[in-house]
Every structure is written in C-alpha cells, then in structure tokens.
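1. Sharing a model prediction with you, sequence too.
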Amino acid sequence: MEGNVVLTMRGICMTFPGVKALDHVDFTLRKGEIHALMGENGAGKSTLIKCLTGINDFEAGEIHVDGIQGTVKNHSTLDAQNVGISTVYQEVNLCPNLSVAENLYIGREPMTPFHTIDRKAMMRKAAELTQRLDIKVDVAQNLENYSLAIQQMIAIARAVDMDCKVLILDEPTSSLDDSEVEKLFKLMTMLRSKGVGIVFVTHFLEQVYAVCDRITVLRNGTLVGEYPIADLPRVKLVAAMMGKDFDDLADIKPEGSQDFSNASMVIEAKGLSHKGTIKPFDLNIRKGEVIGLTGLLGSGRTELARAIYGADKSQTGTLRVKDQEVKINQPIDAMNLGMGLLPDDRKAEGIIGDLSVRENIILAMQAKRGMFRQISRAQQEKIADEYIRLLQIKTATRETPIKQLSGGNQQKAILGRWLATDPDFLILDEPTRGIDIGTKTEIQKLILKLAGEGKSIMFISSEIEEMLRTCNRMAVLRDGAKVGEIDGDLSQERVMAAIAGGASE
C-alpha cells in the first residue's frame, strides 16, 4: 500500500437477484483528502459503501486499510469501526433524548474504580473534544436541543474520537441550509488537515467543487473513472454521471417551436419554497404547455413539484391557479383545483398493491367526491375498462391485484387514475423510469396528445432525450434552487451545460 493511501478497494463485485450492482469497481482514498463519490440513482454508491462497512457481503474483490495486515473483510459496522472506518448518515444515528456527552461516549463511557460511569470525566472529555473540533455546544444539554447540522457534527466528533482513519459522509448536507453546510465544511476541512481520509457522497455539484480534492464516478455499477477535481469541469462530470457525451449525441429537437405567449396562464408560482428542500422559485405554466424540470438527482426537481402540489406545504410565496390566488394545504386541495401528481416512487406512493387495477384507477376520482358519494360499481368498471383500453394496460382482468402487473403497466394505471379526474395540470415525476422502450414511447406520445388537448403538463425525467422530445420549455434546477429556464433551442448541449452551471470549457 502506498505511503499516503489509507484505503484501497479493488475489483469489488456484488450481485442482487437479477442485477449486477457492482462490477469490478476500484476505489482509492488517500490520507488527508476529501474524495467525492458521485453517480446517479442506481450507480452503486450506497452498495459500495455497504460492502466497505460490513452491511453487504460482496462476492469478489479485496479491501486494504492502512495499518492492517492482509485483506479486510468487515461483517458488521462494528468490524468496520475496529479497523478505523466510520460512517455518518443523512439520518443521524444517535439518541436525541441523551446529552451531547452521553452520545459522544455511549458504549465506551469512562468508568470509576467502582465500575460506575465517571460522569465528570465524561463531561470533561466531551468538552475537550468539541472544543478541539470547534463545535460550539454545551455537552450537558440534550442532543435534541441542537440543529441537525450540529447533531451531524457530534456524530462526526464521535467517529473521530474513535480514531477513524476513513470517515464516510453519506448525503450529510441534504437537509441543511447554506450556513449549516458551511459549518460542516469547516469541520471537514479541519479533519482533512489532521490526515483523515473523507469519502463524501452527495448529489450537490457546487458542494463537490467547494470542498473536494478528487472525484470517483460510478454508473450502473461500474467505475467510470477517478479524477482530480481540477481535471473535471462541471459539464464533464454531468456527462460522466449521465453517460452522455456531446460529440456522440444527435441533437434532438421537436419539430417547430410552439408559441404559448397568448395561451391562458394555468399556474403562477412566485417565491414558493419549502425549508430544507427547495429554495424560493418563480414558475409560470400556460395552457397546453409541457414544461420539463431538469437537473441531477437531488437538484430539487421533485421538491419543486411537491411544493406546487401541496404534498410539501410551501412556507413562503404565493400560488395562482387559473388567475385565482389559492392556498394549498394538502394534496386534496390541489386535486380540487384540477391538479394531478404521478409520484416518482410508484411502489411507495403510487399504487396500492393489494387493491385491484379497477380500485387503483378510480382512487383519485373517489377521493375528490368524498366518502359519502360513492362511485357505483358499474361506473367504476366502466371507467377502469375505458382507461385499460385507452392506455393498453396489459392485465388479465380489471380485478387483478395491481401488484401482479409489470412496472410499466402499473405506471399506466396510475396515469389512468389521474386522467379519470380530467385534470387541467398534470405533474409527471419520472413516468417512464424502469419501463421498457415501447411503453416509454407510448407515454411520451400520450403526453404530447394531452398537451394538444389543452392540458398543461410538468414533466420530470432523468433522461434528457425524452425531455427534448416532449417539452416546449425546461426549468433548470441545481442544489435545491431553480437557476434558469431554456426555451426555443432545446439542445442536449445547452441543457447539460445549464445543469452543470454553464461551465462547458
């Protein structure tokens, strides 16, 4: 092992049933560096970390840690800690009802000669540790009295005090505001100067370029490459993560750009925000328009849509729907205003697996009518049959439990659910994720057909090509903020440069 290398992972392979999650992945971490581990959803970042920390049992490959003879194979997070590898997750894994000091030393409390906990020594050591790391807290206070950022710093302090050589920070900034992120970065920089190797998993491009020394990019379970930060401009990073390159992609443009300037306004959002997820944004959507939300995973696409729909209640700003100022406190308010939301996680938030295709399709319509105005069974069957035929949903019968359908057919059934309510404004969050090419094309054609009938559509997708095929305009999001809009010339290069922050050199 090289003198300044603290961790090497070589040829790591991991298979889940039917899926090669990691295919001969290498990773190298040096002492005193902050190393970003990047990749879109399903790239293999979490799986690689779980292989390192003993949660996943990988099939092939070797792990070496500085100061440990031979290969390392962790079978639990405790094994990992014993060889100097600690992980701090987005959801802080501590006890909020205990004091800061108790959290720092839980399971390894200093003891008196009488085998009781030496509370004085624990308080003293905790105060010294937090002071050394410049964390401004009263160690006698309960952890729950402090912000999430401080709680994460306490988790990091605990790891550091346990002599960690490798510190893994898994999405630590997702729920933090800018000032809290700054404090966390200050602590990370201090630990780097003390020789700790830090693996930083994040979706935020700006943060990577603010604090990291190197970047490793994974895609679909394979290693794309390892790069010094100076050698990888933002736009090249986006291309590496998404598997696109400007040179080998045809410029896909919708035929003729439509003019919506005279169409009536359906949605006018001004300064809407939701703390910790999406910063204040403005967005207008006109009748018959398909607007795309583009940006990397974690950029705020879903959060912006949820703020408009009321799934996350907005804390600032105003919303006008068809020229009337409205307050949306919950999704049923949005439904009554003619909105529909197809969520990105169809299994968790879309389908109700044990109910039939018929019951899933009529769900939103019944919710709008209320429990005392039941849709008759005959009417339910008529509606279900209409959308099974219209959307070509492949199901044995309308009474088949929806969980027995393929992902694409489940997605079509949820689309049918919203079309049955005849919405004016439909939010489609990753409607084609995980479904076959043929069904994708059908859904894209349906989006254009609905827009042609005067429905306004917000379309969120990780696939730029399908956005270019279907959208008239795109709003660009980065790090929880809407940073711009693109219309007219919707080209692959313009969109990817905008996602990356305009740095195409």
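-> Perfect, thanks for sending it.
2. Helix, strand, or coil at L477?
-> Three-state call for L477 (DSSP: H, G, I helix; E, B strand; the rest coil): strand.
3. The nearest residue to it once chain neighbours are set aside: how many residues sit nearby?
-> In space, and not counting its chain neighbours, L477 is closest to G295: 3.7 Å by Cβ to Cβ, 6 or more residues apart in numbering. Quick note: C-beta positions are derived from backbone N, CA and C, even for glycine. A count of nearby residues for G295, using other Cβ atoms under 10 Å, gives 27.
4. Next: D163.
-> Look at D163: counted by other Cβ under 10 Å, it has 10 neighbours.
5. re the thing from before, tell me if I'm right that the residue nearest to L477 and G480 touch.
-> No - between G295 and G480 there is no contact under Cβ atoms under 8 Å: 9.6 Å.
6. just to revisit the earlier point, give the contact list for the residue nearest to L477.
-> R301, V476, L477, R478, I499 (Cβ atoms under 8 Å, 6 or more residues apart in numbering).
7. again with Q81
-> Counted by Cβ under 8 Å, 6+ apart, Q81 has contacts M162, C164.
8. So it lies in a strand, does it not?
-> No - counting by three-state DSSP, Q81 falls outside a strand, being helix.
9. The stretch 201-350 of the chain: helices as residue ranges?
-> Using DSSP state H, counting those that start in this stretch, the helices of the stretch 201-350 of the chain run over residues 205-211, 234-242, 301-309, 331-336.
10. Mean neighbour count added to those helices, as JSON lines?
-> Output for these, formatted as JSON lines (neighbours: other Cβ atoms under 10 Å):
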{"stretch": "helix 205-211", "mean neighbour count": "18"}
{"stretch": "helix 234-242", "mean neighbour count": "21"}
{"stretch": "helix 301-309", "mean neighbour count": "25"}
{"stretch": "helix 331-336", "mean neighbour count": "17"}
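11. quick one: low-confidence parts of the stretch 251-400 of the chain?
-> Within the stretch 251-400 of the chain, the ranges that satisfy pLDDT under 70 run 251-257.
12. can you list the domains in this protein?
-> Domains of the chain are assigned by automatic domain parsing as 5-232, 253-338+425-505, 350-422.
13. quick one on the thing from earlier: could you pick out the buried ones from the contacts of G295?
-> R301, V476, L477, R478, I499 (16 or more other Cβ atoms under 10 Å).
14. Take the residues you listed and lay them out in CSV including distance to G488.
-> CSV is the format used below for the buried ones among the contacts of G295 (distance: Cβ to Cβ, whole Å):
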residue, distance to G488
R301, 21
V476, 14
L477, 19
R478, 21
I499, 18
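15. Report the lowest-confidence entry in those residues.
-> Lowest in pLDDT among these is I499, which has 82.
16. Which secondary structure state does that one sit in?
-> Counting by three-state DSSP, the backbone at I499 sits in helix.
17. Q392: what secondary structure?
-> Classification of Q392 using three-state DSSP returns coil.
18. Against E349, how distant is the residue nearest the centre of the chain?
-> Closest residue to the average C-alpha location of the chain: G298 at 4.1 Å, with Cα atoms, centre = their mean. Distance, G298 to E349, by Cβ to Cβ, to the nearest Å: 18 Å.
19. do G292 as well
-> According to Cβ to Cβ, G292 and E349 sit 21 Å apart.
20. likewise N360?
-> The gap separating N360 from E349 is 13 Å, by Cβ to Cβ.
21. again, but for M265
-> 29 Å.
22. remind me which residues of the stretch 401-505 of the chain are low pLDDT?
-> Checking the stretch 401-505 of the chain against pLDDT under 70 turns up 434-439, 502-505.
23. make it 80
-> 406-408, 432-442, 462-465, 488-493, 501-505 (pLDDT under 80).
24. And M265 and E349? Which one has more around it.
-> It is M265, of M265 and E349, that has more neighbours when counted by other Cβ under 10 Å, with 16 against 13.
25. Quickly list what the more buried one is bridged to.
-> M265 has the following beta-bridge partners by DSSP bridges: R286.
26. Just tell me which of the domains of the chain ends up closest to A239.
-> A239 lies closest to domain 253-338+425-505 among the domains of the chain, at 6.5 Å (Cβ to Cβ).
27. Show me how far that closest one is from its chain's centre.
-> 17 Å (Cα atoms, centre = their mean, to the nearest Å).
28. Quick one, which of the domains of the chain gets closest to V238.
-> Comparison of the domains of the chain against V238 by Cβ to Cβ identifies domain 253-338+425-505 as nearest, at 4.5 Å.
29. before we move on, the earlier item: tell me which of the helices of the stretch 201-350 of the chain lies nearest to R389.
-> The nearest among those, by Cβ to Cβ, is helix 331-336 at 24.3 Å.
30. which other residues reach that closest one?
-> With Cβ under 8 Å, 6+ apart, helix 331-336 has contacts from I308, Y309, G310, A311, V326, K327, I328, L341, A364, A367, K368, T421.
31. Verify the stated contact: the second one with G338.
-> No - using Cβ under 8 Å as the test, Y309 is too far from G338 to be in contact (11.7 Å).
32. Which stretches in the stretch 301-450 of the chain count as strands?
-> Applying DSSP state E, counting those that start in this stretch to the stretch 301-450 of the chain gives strands spanning 316-321, 324-326, 339-342, 425-429.
33. who touches the shortest one?
-> With contact meaning Cβ under 8 Å, 6+ apart, strand 324-326 is reached by T318, L319, R320, D333, L337.
34. Put together JSON lines for the residues you listed, with distance to K186 on each row.
-> Formatted as JSON lines, these follow (distance: Cβ to Cβ, whole Å):
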{"residue": "T318", "distance to K186": "36"}
{"residue": "L319", "distance to K186": "37"}
{"residue": "R320", "distance to K186": "42"}
{"residue": "D333", "distance to K186": "42"}
{"residue": "L337", "distance to K186": "45"}
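35. Please, a PyMOL command that selects the buried ones among those residues?
-> Only the buried entries of the contacts of strand 324-326 go into this PyMOL selection, using 16+ other Cβ under 10 Å:
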select buried, resi 319+337
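36. just to revisit the earlier point, just give the nearest non-adjacent residue to the residue nearest to the centre of the chain, would you?
-> H203 (2.7 Å).
37. wait, doesn't that neighbour sit right on L296?
-> Yes - the pair H203 and L296 qualifies as a contact (Cβ under 8 Å) at a distance of 5.8 Å.
38. Need the contacts of helix 331-336 in TSV (columns: distance to I443).
-> As requested, these are arranged in TSV below (distance: Cβ to Cβ, whole Å):
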residue	distance to I443
I308	21
Y309	20
G310	25
A311	22
V326	29
K327	32
I328	26
L341	16
A364	18
A367	23
K368	24
T421	18
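39. Nearest to V88 among those residues?
-> Looking across those and measuring by Cβ to Cβ, the closest to V88 is A311, at 28.4 Å.
40. Run the chain-centre distance for stretch 374-392.
-> The answer for stretch 374-392 is 35 Å, by Cα atoms, centre = their mean.
41. Pass me the low-pLDDT residue ranges in the stretch 101-250 of the chain, would you?
-> 147-149, 160-163, 173-180, 203-205, 238, 242-250.
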